[in-house]
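# Sequence and predicted structure, then a few things I'm wondering about:
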Amino acid sequence: MADQLQPVQVEDGEFKGWFLSPFHDDYVNLIGPFYYLPDVDGKMQVALKVEQRHLNGGGIMHGGCLLSLADTALYVFAVETFKTSGGVTMQLDAHFLSPGNLGDVVIATGEITRAGQSTIFGRGQIKVGDRMVMTFSGVIKRASKSGA
């Protein structure tokens, strides 16, 4: 069982050296896979390759897909602060700056700016290379032991 919860390192292809998370839900499986890799400072990066299924009617990456990447990244940035419980996103603010295009690898980076007893605050950005696609900030509510 413990082996099933270990990250799996990608051995070849475009994401060689990146990791796939062992934790997936139906929604992540629908839009992913998301790839994870610590940067040189040890902060996690979260990546997604833009496929045809991620595009809107205008032929660019759907804003909802970018928001899903931001939400996932915010949670990944906060994971070490959770201790024994998880959390849920209370607020997610975003600024769309340029499009994600078919074939792009969009990468989210960011940080936790404050971790209180009941809420966690973070911010980040999504880029394609040096091009800024989106900036975001959000608040996560720590899950209580009772689940409320």
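Received the coordinates, thanks.
# For F136, the count of nearby residues, please.
When neighbours are counted by other Cβ atoms under 10 Å, F136 registers 23. Using the backbone N, CA and C atoms, a C-beta is placed for each residue, glycine as well.
# and what of V106?
V106 has 23 nearby residues by other Cβ under 10 Å.
# Tell me how far it lies from H54.
9 Å (Cβ to Cβ, to the nearest Å).
# cool, L74 as well?
19 Å.
# Skipping adjacent residues, who's closest to G59 in space?
Once flanking residues are discounted, G59 sits nearest to L102: 7.5 Å by Cβ to Cβ, 6 or more residues apart in numbering.
# Count the neighbours of that neighbour for me.
For L102, using other Cβ under 10 Å, the count is 13.
# What segments of the chain are strands?
With strands called from DSSP state E, the chain shows them at 8-9, 19-20, 35-38, 44-49, 87-96, 105-115, 119-128, 131-142.
# can you put those strands in CSV and add mean pLDDT and distance to G58?
Listed next are these as CSV, based on pLDDT from 0 to 100; distance: least, Cβ to Cβ, whole Å:
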stretch, mean pLDDT, distance to G58
strand 8-9, 88, 34
strand 19-20, 90, 30
strand 35-38, 92, 26
strand 44-49, 95, 19
strand 87-96, 96, 13
strand 105-115, 97, 17
strand 119-128, 97, 17
strand 131-142, 97, 15
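# Keeping just the C-alphas, turn stretch 52-61 into PDB.
Taking C-alpha atoms only, stretch 52-61 is exported to PDB below (Å, rounded to 0.1, in the frame of the first residue of the first chain):
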ATOM      1  CA  GLN A  52      -6.700  19.900 -27.800                       C
ATOM      2  CA  ARG A  53      -9.200  19.000 -25.000                       C
ATOM      3  CA  HIS A  54      -7.900  22.000 -23.000                       C
ATOM      4  CA  LEU A  55      -8.900  24.500 -25.600                       C
ATOM      5  CA  ASN A  56     -11.900  26.800 -25.700                       C
ATOM      6  CA  GLY A  57     -14.000  27.700 -28.800                       C
ATOM      7  CA  GLY A  58     -11.400  30.400 -29.700                       C
ATOM      8  CA  GLY A  59      -8.600  27.800 -30.000                       C
ATOM      9  CA  ILE A  60      -6.700  28.900 -26.800                       C
ATOM     10  CA  MET A  61      -6.500  27.300 -23.400                       C
END
